[in-house]
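Asker: Below: sequence and its predicted model.
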Amino acid sequence: MSLDRSQVETVAKLARLAIDDSEINDYVSSLSSILDLVDQLQAIDTTGVEPLANPLDAAQRLRPDAVTETNQREALQTNAPQAEAGLFLVPKVIE
Amino acid sequence: MLNKTLKQLSDSLAAGEFSSTELTSAYLEQIKARDSALNAFITVTDEQALAAAKTADQRRANGEQSPLLGLPIAIKDIFCTTGVKTSCGSKMLDNFIAPYESTATSKLSDAGMIMLGKTNMDEFAMGSSTESSFYGPTKNPWDQESVPGGSSGGSAVAVAARLAPAALGTDTGGSIRQPAALCGITGLKPTYGRVSRWGMIAYGSSFDQGGPMTQTAEDAALILNAIAGFDSRDSTSMDQPVEDYSAGLNQALKGLRIGLPKEYFGDGLDDGIRAAVMEAVKTFEQQGATVKEISLPRTELSIPAYYIIAPAEASTNLSRFDGVRFGYRCDNPKDLMDMYTRTRSEGFGDEVKRRIMIGAYALSAGYYDAYYRKAQQLRRMIKQDFQAALSEVDVIMGPTTPSTAWKIGAKSKDPVDMYLEDIYTLSVNLAGLPGMSIPCGFKDGMPIGLQVIGNYFDESRLLNIGHQFQLATDWHTKKPAV
C-alpha cells in the first residue's frame, strides 16, 4: 500500500513532526515501501487468534498504592529546558 | 593484559598480578589512542572510572572477593547513569544528564564493575548498523569501511577491538546478537523480563532486553549473574529465581537435541555463512548432540509483525520528547504546537521519524485492526511455532545474520534493505525467547555469528553450549589487527 503526500503530512501532524518540502518525497517513498513490506501480513488468516501483547503472556503486576519514591523535583528539573520556582515553563497557552 | 577475557582478568586481579587502577588506566589509554578512528564511545568517563577503580582496589584490600570486583565495562548509551550524559545516540538527548541510575548498571557497580564510558548506538536503538547515531557512525574494527551492525554497535566494537573487556547492550530486534555476529564477539539477549528495563530508555517496551556482550560465553555468564533478577520498578520484570549462570558451563553436551529451522537456511543466506554454521553444528555432533531439521514456517512474517508492533510502541514511547521536561527544545517557539513540532523535527533523525510515523499510522483510527491487532495475532502464531519446535528439541541453531558486515552507506538509502538483515533475529524478540550469538568463522576476513535460541529462562543452557563450543574452537580468540 502506498501513501500519498497528504497522508504523510497528516501522520506527521499526528506525531507532532513537520517534514520539510525538500524531504517530503523521500518520506512518501520510504514510508510507502515500509508499508508494502508490512502489508504481507494481510494475506495471513488470523481468525480466532488472541493478540499477544506480552511475549510471556504475563499480566500487568499490581502493587500497593503506597509512596515509594522521594520528591526529587529540583534534581529532575535541572534537565528542563526552562524551569522557574519549581514549574516547567512553556510558551503561553491561554490568552 | 588487554587480550585477556573477563574471567582471566578476574583471576589476575584476585591473584594480585595487577590492580584495578592499573587495568582501568590501560583500557582508558587504549580508548584514547584508538577510539578516534573507531568511534565506539560517545562519552568516556575517565575520572569516574579511575575513582571507582581506586574504590574497588580498596574493597579488595579489605578482603572482598566478588568475581566482577574492579573489572571495567563499557555501557551502551541507552542506560541512564547518574550524573553522566545519556544521549541514546540522539540530538534530542545530547544535553541530558541522567538524574538516576538504571537497575542493570547499578547492579554492575554494586558488583564492583568500573564503567569506562557510554557507547555509540543507532539513534534510540532504531537501526542495524550504528549509522543513524547523532554522533556519527561507529566503524567495524575488522574493516573500518564497514558497519559494526547495530544498534549496540559501539558496545560490540569496544569488546572486539579490546577497548573494554565487556560491554552492556540492549536487544529489541537483534541489537545485541547482530552486532556481536558482525564484530566477532559473544552476545546474549536474555528472556524478556529477565534483566530489568528500569532506566533503559524505551524503544519497543514489549521487546527491549539488556544483556552482556563479551569475548566468551563464560564472561557473559559472569555479567548475567550480576544483572539478572526481578525488579519491582519494571512492571514487566519476571519474578523467576536467578540461577548461577557459571555453574553449568562445564556440563557435557551429550544428548543435546539441536533443531535447524529450514527457513533459516533458505535463499537469502550467504553461502560462506551457511558453510560456517554447518561446520559449527558438526562440532556439536562430535560432542554427542543430535541434530534434526525443524520448521519455523512464519519466519519471514516476523519482519512485518515486528515492523508494525515495534514502531507502534516507539511512537508511544517517544511521545515523551516534547521539549517540556528534559532534552532538546527548539529556539524561540511561537506557541505550544510550534514548540512540540519543531523540537521533535529538529531533535529526531530520519529513521526515528520514519518509525514514529509508521507507528502512528498503524495505531490510527481505521487502521488499528488491520495493522496493530493483526500483527499481535501473528506474534502469537510465531510464539506458538517456537513452542512447538522447542517441544521437540532443546535449542534452535542457525545463522545470526544473512550476510557479514556491509560497507558504510550501502544500505542506508532504502530502510527496507536494512530491515531484511534482521530476518533471523526478530522472531526471537517477538516470542520473548533468549538468544545468543557466538563467533563461528569468517567470510573474506569478516566475522560470522552462530545463533543459538533457547526456551524461556534457559540462559544457562545457552551459555553452557557457548562455553563448550569455545573450548573446542578458537574463533572467539580472533581479534582484528590494530
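Answerer: Received the coordinates, thanks.
Asker: what mean pLDDT does stretch B:237-246 have?
Answerer: Looking at stretch B:237-246 alone, the average pLDDT works out to 95.
Asker: ok, which stretches of chain A are strands?
Answerer: For chain A, the strands defined by DSSP state E occupy A:83-84, A:87-88.
Asker: whoops, the stretch 101-250 of chain B was the one
Answerer: Taking DSSP state E, counting those that start in this stretch as the criterion, the stretch 101-250 of chain B carries its strands at B:114-119, B:166-170, B:186-189, B:210-214.
Asker: quick one: whichever residue of the stretch 351-482 of chain B sits closest to chain A from B:Thr216, how far?
Answerer: As assessed by C-beta to the nearest C-beta, chain A sits closest to B:Gly432 within the stretch 351-482 of chain B, at 2.6 Å. Every C-beta, even on glycine, is put in place using the N, C-alpha and C of the backbone. Counting by C-beta to C-beta, to the nearest Å, the gap from B:Gly432 to B:Thr216 is 25 Å.
Asker: about what we covered before: out of the strands of chain A, flag the one nearest chain B.
Answerer: Nearest to chain B, of all those, is strand A:87-88, at 5.4 Å by C-beta to the nearest C-beta.
Asker: and that closest one, how far out from the chain's middle?
Answerer: Strand A:87-88 sits 23 Å away from the centroid of its parent chain (C-alpha atoms, centre = their mean, to the nearest Å).
Asker: For stretch B:390-399, list the C-alpha coordinates in PDB.
Answerer: Extracted as PDB, the C-alpha positions of stretch B:390-399 are listed here (Å, rounded to 0.1, in the frame of the first residue of the first chain):
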ATOM      1  CA  LEU B 390      11.100 -26.400  21.400                       C
ATOM      2  CA  SER B 391       8.900 -29.300  22.500                       C
ATOM      3  CA  GLU B 392      10.900 -31.500  20.100                       C
ATOM      4  CA  VAL B 393      14.400 -30.000  20.500                       C
ATOM      5  CA  ASP B 394      16.400 -28.300  23.300                       C
ATOM      6  CA  VAL B 395      17.800 -25.500  21.300                       C
ATOM      7  CA  ILE B 396      17.500 -24.000  17.800                       C
ATOM      8  CA  MET B 397      20.600 -23.100  15.900                       C
ATOM      9  CA  GLY B 398      21.200 -21.100  12.700                       C
ATOM     10  CA  PRO B 399      23.000 -18.100  11.400                       C
END
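Asker: how about that stretch, does it reach chain A?
Answerer: No. Using C-beta under 8 Å from any C-beta of the partner chain, stretch B:390-399 stays clear of chain A, with a minimum separation of 13.9 Å.
Asker: Show me which positions of that stretch end up buried.
Answerer: B:Leu390, B:Val393, B:Asp394, B:Val395, B:Ile396, B:Met397, B:Gly398, B:Pro399 (16 or more other C-beta atoms under 10 Å in any protein chain shown).
Asker: The fourth one pairs with what?
Answerer: Partner residues in beta bridges with B:Val395, using DSSP bridges, are B:Ile258.
Asker: Below-threshold pLDDT in the stretch 151-300 of chain B: ranges please.
Answerer: Nowhere does the stretch 151-300 of chain B drop to pLDDT under 70.
Asker: quick one: contacts for the nearest residue to B:Leu269 once chain neighbours are set aside?
Answerer: Nearest-residue entry for B:Leu269: B:Pro402, 5.2 Å, with adjacent residues in sequence omitted and distances by C-beta to C-beta, 6 or more residues apart in numbering or on different chains. Each residue near B:Pro402 by C-beta atoms under 8 Å, 6 or more residues apart in numbering or on different chains is listed here: B:Gly268, B:Leu269, B:Asp270, B:Ile273, B:Leu420, B:Glu421, B:Ile423, B:Tyr424.
Asker: And what about B:Pro402, helix, strand or coil?
Answerer: Assigned with DSSP: H, G, I helix; E, B strand; the rest coil, B:Pro402 falls in the coil class.
Asker: Nearest the geometric middle of the chain, what residue?
Answerer: Just going to use chain A. Most central in chain A under C-alpha atoms, centre = their mean is A:Ala15, positioned 6.7 Å from the mean C-alpha point.
Asker: The intended chain is chain B.
Answerer: For chain B, B:Ile176 is the residue whose C-alpha lies nearest the centre (C-alpha atoms, centre = their mean; 2.1 Å).
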